[in-house]
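Undergrad: Provide a 3D model corresponding to the input given below.
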Amino acid sequence: MLHSRAGAIALAYCGIENAYKGISVDNPDSLKLAELQIENCASHGIYCEGCDSSAGLDPRTITDPGLVGIEVRNCTGMTLSGHTITDATEYGIKCYDVASMTVTGNYILGDSNSEDFVGIRVKPVSDTSLYLIEENTVERCSSRGIWCAKGLGGGASVEKNSISDASYARGGTGVYFYKSSAKMRQTTVEAKTHGVVAICGQSSGSFWMPDLGDSTYLSEDGDNRFLDNSLYYIWTMNLGDSTMMAERNWFGTTPPNRRKFYGDIDYVSYLTSDPGSFPRVLPGDGESLGQPKLSLGQNWPNPFNPRTSILFTLPSDGQVSLRIYNATGQVVRTVVDEPREAGSHEELWDGCDDSGRRLASGVYFARLVVDGKTRVKKLALLK
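TA: Here you go, the predicted model:
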């Protein structure tokens, strides 16, 4: 077991087993973990608190970690990518009070005896904190495949995930939204009791409900796949007078069974054929250390006034979008929107919006999108 408070921590190419927590770190000065095998723990495989975007948790295998595979708390700008987590009893990945969180490309298989397993849970620190949950595979989850709260649709999304119990008959819910306005796109939910459960309602002066596809107002198809959900495709609560958008999705039959929608849900513009699934992540599919990775570095200086440098690295040529969002999830500046070659790139942001007006002091977010993959960093503008 590795347990540390503060200091610089680096650990690679080793195994940890039969511990209470495999790795536990609290507010480290720096953290680099790579190519670890963690197994047979009582509580957690990895527990991290107070980490930022500089923390490196490269792909690892976590088997039978006890309650939780990986838990991060009070962290900002972290990415959890490429992990294989099997046989946790409560959570595969648990993110609490986080900001600018990315959970991508992980394979999670719940414990066969657990009656209350959640694959991925993300609870942001604030209503407007950004997060991205994409390209994950979650199987054998008895409670919820993905559970997310809060988050604005412009900066919080659930994309290209596969949540299936076709081989395990565990029931439960595919994706559970709690007072969240996140977008859900190109996600497969198969053989669950409920495909999506959405608890909507007022919070902090806003009305929160997820967006499962809005071709009418946003010109965005859902392209989600609801397959063999035994009770409901979509079940909602506390919609009031609102209508939840769930357009251009595939429900396995044409037309979909209208009795499997609970609440005022606009699903009528549905797909008439299967759009196909995003490729599943398989155990051990995490990126190896030798492969180039998409990365967005922390801007420098930060905090800044009047300008800052933003670095990013592309593993291959691609269409690049680099935009700045304010704390309410609005795009205030498009820094890059064009093809770029593979390699490292540097852009300067002068603290102005697209009209050239100086922006107010506060917290902003840089969001890099390349070929459907997203990275986010927090920026602080001072005057």
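
Undergrad: flag the shaky bits of the protein, pLDDT-wise.
TA: 1-6, 59, 152-154, 167-170, 282, 284-293 (pLDDT under 70).

Undergrad: now do stretch 349-357: distance to the chain's middle.
TA: 29 Å (Cα atoms, centre = their mean, to the nearest Å).

Undergrad: would you mark the buried spots in it?
TA: Within stretch 349-357, the residues that count as buried by 16 or more other Cβ atoms under 10 Å are 349, 351. Where C-beta positions appear, they are placed from N, C-alpha and C, glycine not excepted.

Undergrad: ends of that stretch, how far apart?
TA: Stretch 349-357 has its terminal residues 12 Å apart, counting by Cα to Cα, to the nearest Å.

Undergrad: which ones are touching the closest residue to residue 108 other than its chain neighbours?
TA: Closest residue to residue 108 apart from its sequence neighbours, by Cβ to Cβ, 6 or more residues apart in numbering: residue 92 at 3.5 Å. With contacts defined as Cβ atoms under 8 Å, 6 or more residues apart in numbering, the neighbours of residue 92 are 68-70, 85, 106, 108-110, 117-120, 138, 141.

Undergrad: one more time with 7 Å
TA: For residue 92, the contacting residues are 69, 85, 108, 110, 119-120, 138, by Cβ atoms under 7 Å, 6 or more residues apart in numbering.

Undergrad: buried ones among the residues you listed?
TA: Buried, going by 16+ other Cβ under 10 Å: 69, 85, 108, 110, 119-120, 138, out of these.

Undergrad: assign a three-state SS to the residue positioned nearest the centre of the chain, would you?
TA: Nearest to the geometric centre of the chain sits residue 133, at 1.9 Å (Cα atoms, centre = their mean). Judged by DSSP: H, G, I helix; E, B strand; the rest coil, the three-state class of residue 133 is strand.

Undergrad: shouldn't it be in contact with residue 158?
TA: Yes - Residue 133 is within contact range of residue 158, at 4.8 Å (criterion: Cβ atoms under 7 Å).

Undergrad: what do these two both touch?
TA: 146, 148.

Undergrad: I'd like the next helix or strand past the helix or strand in which residue 138 is found.
TA: Taking DSSP states H and E as the criterion, residue 138 maps to strand 137-139. Note on strand 137-139: by DSSP H and E, the next helix or strand toward the C-terminus is strand 144-149.

Undergrad: export that following strand as PDB, just CAs?
TA: Extracted C-alpha coordinates of strand 144-149, given in PDB (Å, rounded to 0.1, in the frame of the first residue of the first chain):
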ATOM      1  CA  ARG A 144     -26.600   2.400 -12.500                       C
ATOM      2  CA  GLY A 145     -24.200   2.200 -15.400                       C
ATOM      3  CA  ILE A 146     -23.400   6.000 -15.300                       C
ATOM      4  CA  TRP A 147     -24.700   8.400 -12.700                       C
ATOM      5  CA  CYS A 148     -24.200  12.100 -13.200                       C
ATOM      6  CA  ALA A 149     -25.400  15.300 -11.600                       C
END
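
Undergrad: what helix or strand is residue 94 on?
TA: Assigned by DSSP H and E, residue 94 falls in strand 91-98.

Undergrad: the helix or strand just after that strand - which strands sit beside it in the sheet, and in what orientation?
TA: Using DSSP H and E, the next helix or strand after strand 91-98 towards the C-terminus is strand 101-104. Taking DSSP bridges as the criterion, strand 101-104 forms sheet pairs with strand 79-81 (parallel), strand 131-134 (parallel).

Undergrad: include distance to residue 251 when you put these into a markdown table, please.
TA: What follows is those, written out as a markdown table (distance: least, Cβ to Cβ, whole Å):
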| stretch | distance to residue 251 |
| --- | --- |
| strand 79-81 | 31 |
| strand 131-134 | 22 |
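
Undergrad: closest to residue 44 out of those strands?
TA: strand 79-81 (13.7 Å; Cβ to Cβ).

Undergrad: what's the closest one in contact with?
TA: Contacts for strand 79-81 (Cβ under 7 Å, 6+ apart): 57, 70, 93, 102-106, 375.

Undergrad: mind checking how far that strand is from the chain centre?
TA: Distance of strand 79-81 from its chain centroid, counting by Cα atoms, centre = their mean, is 9 Å.

Undergrad: over to stretch 363-381?
TA: With Cα atoms, centre = their mean, you get 13 Å for stretch 363-381.

Undergrad: one more: stretch 126-135?
TA: The mean C-alpha position of stretch 126-135 is separated from the chain mean by 6 Å, Cα atoms, centre = their mean.

Undergrad: could you list the domains of this protein?
TA: Domain assignment of the chain by automatic domain parsing yields the ranges 2-266, 295-381.

Undergrad: deepest of those domains, which one?
TA: Most buried of those by mean neighbour count (mean count of other Cβ atoms under 10 Å) is domain 2-266; its value is a mean of 21.

Undergrad: the contacts of residue 92 in strands, which ones?
TA: Mapping those onto strands (DSSP state E) picks out 69, 85, 108, 110, 119-120, 138.

Undergrad: list just the nearest of those to residue 220.
TA: Nearest to residue 220, judged by Cβ to Cβ, of these is residue 120 at 22.6 Å.

Undergrad: distance between the ends of stretch 180-194?
TA: For stretch 180-194, the first-to-last residue distance is 18 Å (Cα to Cα).

Undergrad: is residue 40 in contact with residue 18, as I believe?
TA: Yes - Residue 40 is within contact range of residue 18, at 5.1 Å (criterion: Cβ under 7 Å).

Undergrad: would you turn the domains of the chain into JSON lines with distance to residue 274?
TA: Formatted as JSON lines, the domains of the chain follow (distance: least, Cβ to Cβ, whole Å):
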{"stretch": "domain 2-266", "distance to residue 274": "5"}
{"stretch": "domain 295-381", "distance to residue 274": "20"}
